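Peer 1: no letters, just coordinates:
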């Protein structure tokens, strides 16, 4: 490390905690984490999925463990609303096109972050309510300017501050998130609210497809003291006319729970009633306005993950569309790769070059996959009713042309290290 081994991590969510852990294990003398939120990030309750193979790598590297509450999935069932009748089950759930293996663990973002936060050593200074206004390069490293005033010098600054990253704005000011042209409605509610939970097995992930979009549904840990599960769902489709302008999607944005407009509620109600089989439409309608959020789809990737004394991780470096099933995985892999680079390199320059070579390629592959799946699942959907199992499998193989669904395998040099 340089400049006394001082490292700043801008952002304290999953990517920030992983980066702080990596810097500590990599030999930093002093680590300061700047987190703009003043409250607990554990209050976020969205779901995420981790491929079993990626979990095994991250557990071996010390960035996940079995103590983090999870739900195991084994299969993905594809359903389509079919007007040709069929069995009573087909009428309720939709006609099942195919079943595919789906070896994933699902997590609740809040409890996952909480366990990562606990893993960060007590010697790391974690400052909440500490927004960073900008960063700048200096002769000996980098300087962090706080929004509340004051500045500090560091030998290395890690930007883990999300898609609006202040660190990326300094390192690559021309890189901006690009709107993909469609939206994701997100909801999560207690599983006890389901009227007929037995129709949908706990180990199943449902892909409910319709012209111009699809719904993904799976269970996640509840995250509360009583335990249990929550139903987590994401529905992708194009917005109703005029909504793009109202949302100002040209500027990276999202609508938190309880803030959706009447037009957005009406469009979601239309999709649930007219395009989804009755069971899945009812499931969407069980979500209260306070449990419903909206996220316009954006993507981008920085041309490099490290430049000078700046390093990017998580969404600050790459935002891929959630179809990839790998957003949290990539953030944790960034941490594991940074630790490996710091441990094995002769100096910081060599470490940053190794990290850059590894993670820039991984980010580019994930963005490419997200765009391919976005076209296949939303923007250029097939005639779902005409697909059988063989047809769907061939379609999926083409859509997942990169073969990195669920996350790219960690480089062989990133392995278990002493804690």
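Peer 2: Cool, got the structure. Keep in mind it's a predicted model, so treat the numbers as computed, not measured.
Peer 1: alpha carbons only for contacts and neighbour counts from here, please
Peer 2: OK.
Peer 1: buried sites along the helix or strand hosting residue 118?
Peer 2: Assigned by DSSP states H and E, residue 118 falls within helix 109-119. By neighbour count with 16 or more other CA atoms under 10 Å, helix 109-119 contains the buried residues 109-117, 119.
Peer 1: got it, and stretch 29-41?
Peer 2: So for stretch 29-41, counting by 16+ other CA under 10 Å, buried means 29-36, 41.
Peer 1: run the chain-centre distance for that stretch.
Peer 2: In terms of CA atoms, centre = their mean, to the nearest Å, the centre of stretch 29-41 is found 20 Å from the chain centre.
Peer 1: partners of the host helix or strand of residue 34, with directions?
Peer 2: Taking DSSP H and E as the definition, one finds residue 34 inside strand 30-35. Sheet pairing for strand 30-35, assigned by DSSP bridges, gives strand 6-10 (parallel), strand 125-128 (parallel).
Peer 1: what's the most buried one of the ones you listed?
Peer 2: strand 6-10 (a mean of 28; mean count of other CA atoms under 10 Å).
Peer 1: residues contacting the most centrally placed residue in the chain?
Peer 2: Centroid-nearest residue in the chain, with CA atoms, centre = their mean: residue 327, separated by 3.2 Å. Counting by CA atoms under 8 Å, 6 or more residues apart in numbering, residue 327 touches 314, 319-320.
Peer 1: which of those residues tops the neighbour count?
Peer 2: residue 314 (29 neighbours; other CA atoms under 10 Å).
Peer 1: so what's that one closest to, chain neighbours aside?
Peer 2: In space, and not counting its chain neighbours, residue 314 is closest to residue 331: 4.2 Å by CA to CA, 6 or more residues apart in numbering.
Peer 1: can I assume that neighbour sits in a helix?
Peer 2: Yes - the assignment for residue 331 by DSSP: H, G, I helix; E, B strand; the rest coil puts it in a helix.
Peer 1: so how many other residues sit close to it?
Peer 2: Neighbour count of residue 331, defined by other CA under 10 Å: 24.
Peer 1: wait, isn't it in contact with residue 315?
Peer 2: Yes - contact criterion CA atoms under 8 Å: residue 331 and residue 315 qualify, at 7.4 Å.
Peer 1: surely residue 68 meets residue 111?
Peer 2: Yes - using CA under 8 Å, residue 68 and residue 111 qualify as a contacting pair, with a distance of 7.1 Å.
Peer 1: Serialize the strands paired with strand 30-35 to TSV and add fields for mean pLDDT and distance to residue 25.
Peer 2: Shown next, in TSV, are these (pLDDT from 0 to 100; distance: least, CA to CA, whole Å):
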stretch	mean pLDDT	distance to residue 25
strand 6-10	97	12
strand 125-128	96	15
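Peer 1: can you give me the strands in the stretch 51-200 of the chain?
Peer 2: Under the criterion DSSP state E, counting those that start in this stretch, the stretch 51-200 of the chain contains strands at 71-80, 95-108, 125-128, 132-137, 142-146, 151-154, 156-159, 178-190.
Peer 1: list the beta-bridge partners for residue 219.
Peer 2: What pairs with residue 219, by the bridge criterion (DSSP bridges), is residue 231.
Peer 1: residues near it, how many?
Peer 2: With other CA under 10 Å as criterion, residue 219 counts 30.
Peer 1: what residues are shared contacts of residue 331 and residue 315?
Peer 2: By CA under 8 Å, 6+ apart, the residues touching both residue 331 and residue 315 are residue 15.
Peer 1: got a list of what residue 279 touches?
Peer 2: Going by CA under 8 Å, 6+ apart, the list of residues near residue 279 reads 92-93.
Peer 1: okay, and it sits in which element?
Peer 2: Counting by DSSP H and E, residue 279 is found in helix 278-285.
Peer 1: contacts for the helix holding residue 118 next, please.
Peer 2: Contacts of helix 109-119 (CA under 8 Å, 6+ apart): 13-14, 17-18, 21, 41-48, 63-64, 68-69, 223.
Peer 1: out of those, which sit inside strands?
Peer 2: The strands, defined by DSSP state E, take in 47-48 from the contacts of helix 109-119.
Peer 1: list only buried entries from the contacts of helix 109-119.
Peer 2: 13-14, 17-18, 21, 41-42, 45-48, 63-64, 69, 223.
Peer 1: just those residues now: which is nearest residue 231?
Peer 2: Nearest to residue 231 among the buried ones among the contacts of helix 109-119 is residue 47, at 8.9 Å by CA to CA.
Peer 1: regarding residue 38, what is its secondary structure?
Peer 2: Residue 38 ends up coil, using three-state DSSP.
Peer 1: I figured it hits residue 12, correct?
Peer 2: No - contact criterion CA under 8 Å: residue 38 and residue 12 do not qualify, at 10.9 Å.
Peer 1: mind checking pLDDT for residue 3?
Peer 2: For residue 3, the model assigns a pLDDT of 46.
Peer 1: same check, this time on residue 250
Peer 2: 72.
Peer 1: how about it, what does it touch?
Peer 2: Neighbours of residue 250 in contact, by CA under 8 Å, 6+ apart: 178-179.
Peer 1: what of residue 332?
Peer 2: 14-15, 18, 58, 63, 314.
Peer 1: select the helix or strand of this structure having the lowest average pLDDT value.
Peer 2: Within the chain, confidence by mean pLDDT, DSSP states H and E is lowest for helix 243-247 among all helices and strands, at a mean of 70.
Peer 1: which SSE is immediately downstream of that helix?
Peer 2: According to DSSP H and E, the helix or strand after helix 243-247 is helix 262-274.
Peer 1: who touches that following helix?
Peer 2: So helix 262-274 is in contact with 239-240, 243, 280-282, 284-285, going by CA under 8 Å, 6+ apart.
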